[in-house]
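Visitor: Everything below, folded, please.
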Amino acid sequence: MRKCALITGASGGIGSEIALRLANDGFNIAACYYSDENSIKELEKKLALTGAVYRIYRADASDMKSIKEIFADATDFFGGVSVLVNNAGMAQQKLFTDITEQEFDRITAVNFKSVFNCCHCAVPYMVSRKSGKIINISSMWGVCGASCETVYSATKAAVIGLTKALAKELAPSNIQVNCVAPGAIDTKMNSNLSEKDKKAFAEEIPMGRFGTPKEIAGVVSFLASEDSDYVTAQVITADGGLI
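Guide: This is a model prediction of the structure:
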C-alpha cells in the first residue's frame, strides 16, 4: 500500500520536482500550492503519468485553519500523511533598514510559521503510528546568513533550529526530522539575477554551477526512504561546496 507524502510549495521549481520524485518513488501525493495555477497544472499532468494517486490543494500554508482542513482531507482520502515536506517559502533581497514590519510578518509567516503549522498537524498521526518522516527545506543562508537577506536568513535559520529540536523530541516515536539547505538552485526564485550576475555567482561555487531542482529532490528522496531510518536532526547542505 502506497504511503502519502504531503509537499507544500508544490508549484515551485523545487517543490514540483520533489512531488514528482516521491510519486515515482511509490508515494501518493498531496500537493499544496498558493497561487501559481499554470505551474500546478503542469505538475498535475506529470503526476498523472506516474501512477500515483494525488490530490491538489490550494492554500496559504501560513494559515493554520487551512492547513488543518488539508490534513483532515488527506487523512480521510489517503489514510494519513507519512512523509511531510515543508517546502513553501519566499525570498527577499533588501537592505535591513528598508524592510517594513508587514514584510517581516509575511516572510516569517510563509517561511517559518507554515513549517510549524504543518508539523503540528502531521505529528499526532505519526506518533500514533510510531513512524514518519518530516523534511524541512531551509537554505544555505539559514546556515551562514546573507547580506541584504536578513529576514529570509533568519527564518531559514529558525527552520534549522526547529528541525533539530523536534527531531530529538520525536526520536523515541521513531520519527525522523531532517533539513535540506539548498544553495544556489536554478529556479524562478533566482530569476531576478541577470545572466552576468548568475555567471559571477557560479564562479564563486566550487562546482562552478547552480544546482538543479532534481538534485534537491534526490536528497529529499533519500530522507523520505527507509535508507534514512537512522538519520535524524541533520542539515544536509546541497550547495556545490559554496559554504
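
Visitor: so where's the protein shaky on pLDDT?
Guide: Filtered on pLDDT under 70, the chain yields the residue ranges 191.

Visitor: redo that, cut-off 50
Guide: Low-confidence regions of the chain, defined by pLDDT under 50, are absent; no residue qualifies.

Visitor: Dead centre of it: give me the residue that sits there.
Guide: Centroid check for the chain by CA atoms, centre = their mean gives residue 87 as the closest residue, at 1.8 Å.

Visitor: May I have the residues that are in contact with it?
Guide: With contacts defined as CB atoms under 8 Å, 6 or more residues apart in numbering, the neighbours of residue 87 are 7-10, 12, 14-15, 18, 137. In short, each C-beta sits where N, CA and C put it, glycine included.

Visitor: Residue 187 too?
Guide: Under the criterion of CB under 8 Å, 6+ apart, the neighbours of residue 187 are 12-14, 213.

Visitor: In JSON lines, list those residues along with neighbour count, secondary structure and distance to residue 148.
Guide: Formatted as JSON lines, the entries for those read as follows, by neighbours: other CB atoms under 10 Å; DSSP: H, G, I helix; E, B strand; the rest coil; distance: CB to CB, whole Å:
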{"residue": "12", "neighbour count": "26", "secondary structure": "coil", "distance to residue 148": "22"}
{"residue": "13", "neighbour count": "20", "secondary structure": "helix", "distance to residue 148": "22"}
{"residue": "14", "neighbour count": "28", "secondary structure": "helix", "distance to residue 148": "22"}
{"residue": "213", "neighbour count": "20", "secondary structure": "helix", "distance to residue 148": "24"}
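
Visitor: quick check, nearest of those residues to residue 130?
Guide: Each of the contacts of residue 187 was scored against residue 130 by CB to CB, and residue 14 proved nearest at 29.7 Å.

Visitor: ok, the top strand by length along the chain: who's next to it in the sheet?
Guide: If each strand of the chain is counted by residues according to DSSP state E, the longest one is strand 175-182. When pairing is defined by DSSP bridges, strand 175-182 lines up against strand 132-137 (parallel), strand 235-238 (parallel).

Visitor: nearest to residue 207, of the ones you listed?
Guide: Proximity of the strands paired with strand 175-182 to residue 207 was assessed by CB to CB; the nearest stretch is strand 235-238, lying at 10.6 Å.

Visitor: Now do the strands in the protein.
Guide: 4-7, 28-33, 54-58, 83-86, 132-137, 175-182, 235-238.

Visitor: CA atoms only: put the first one into CSV for me.
Guide: Listed next in CSV are the C-alpha coordinates belonging to strand 4-7 (Å, rounded to 0.1, in the frame of the first residue of the first chain):
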residue,chain,number,x,y,z
CYS,A,4,1.2,9.5,1.3
ALA,A,5,3.7,12.4,1.0
LEU,A,6,2.5,15.9,1.5
ILE,A,7,4.5,18.7,-0.1
